[in-house]
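Student: Coordinates for the following, if possible.
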Amino acid sequence: MRPRDAQPGLGRLQLQLPPEPGAPAAARRALRALPLGHRADDVLLLASELVTNAVVHADSAEPIELVAECRLDVTWVEVRDHGHGFDSSPLHEGNGLRILSAASDCWGIVRDRGTTIWFEVG
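Tutor: Prediction:
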């Protein structure tokens, strides 16, 4: 599987991934082209977890959108799917949001016509 519409630039990446099992690996490969800094492993883990969640839970044929930007002191990543959303309460099964909370400096969820989860790692 190859990411469609990958557009790496000066510390910035935008790509669309098909909602397939190979999407997390494709996201990691694309992100490795960026200057992720000393916390690269955290960025790759978190992005992979979010893309995996989008593949498993979004129940949508629309592409998963990944945007990443590396600045001098922080890497910012967002993953957007066009699914119906999810339960983000502490009682929800899975560890994705716990991992996100533990390994990122800050994060958030935006729900509109899909779900966007973003995080920052410094």
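Student: okay, CA-based contacts and neighbour counts for the rest of this
Tutor: Noted.
Student: Not counting sequence-adjacent ones, nearest residue to C70?
Tutor: G11 (4.8 Å; Cα to Cα, 6 or more residues apart in numbering).
Student: What number of residues are in the vicinity of the one you found?
Tutor: Applying other Cα atoms under 10 Å, we find 16 residues neighbouring G11.
Student: Next: E120.
Tutor: Neighbours around E120, by other Cα under 10 Å: 21.
Student: Can you name the element that comes right after whichever strand or helix holds G108?
Tutor: Here G108 is covered by strand 106-111, with elements defined by DSSP states H and E. Following strand 106-111 in sequence order, the next helix or strand is strand 115-121 (DSSP H and E).
Student: I'd like the C-alpha coordinates of that next one written as PDB, please.
Tutor: Extracted C-alpha coordinates of strand 115-121, given in PDB (Å, rounded to 0.1, in the frame of the first residue of the first chain):
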ATOM      1  CA  THR A 115     -13.400  12.900  14.300                       C
ATOM      2  CA  THR A 116     -10.100  14.700  14.500                       C
ATOM      3  CA  ILE A 117      -7.600  13.800  17.200                       C
ATOM      4  CA  TRP A 118      -4.500  16.000  17.500                       C
ATOM      5  CA  PHE A 119      -1.400  15.900  19.700                       C
ATOM      6  CA  GLU A 120       1.800  17.700  20.400                       C
ATOM      7  CA  VAL A 121       5.100  16.300  21.500                       C
END
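Student: So which elements touch that strand?
Tutor: With contacts taken as 3 or more Cα pairs under 8 Å, 6 or more residues apart in numbering; DSSP states H and E, strand 115-121 sits against helix 40-57, strand 75-81, strand 106-111.
Student: where does the closest residue to P21 other than its chain neighbours land on pLDDT?
Tutor: Using Cα to Cα, 6+ apart and skipping the chain neighbours, the partner closest in space to P21 is V55 (6.8 Å). You'll see V55 listed with a pLDDT of 93.
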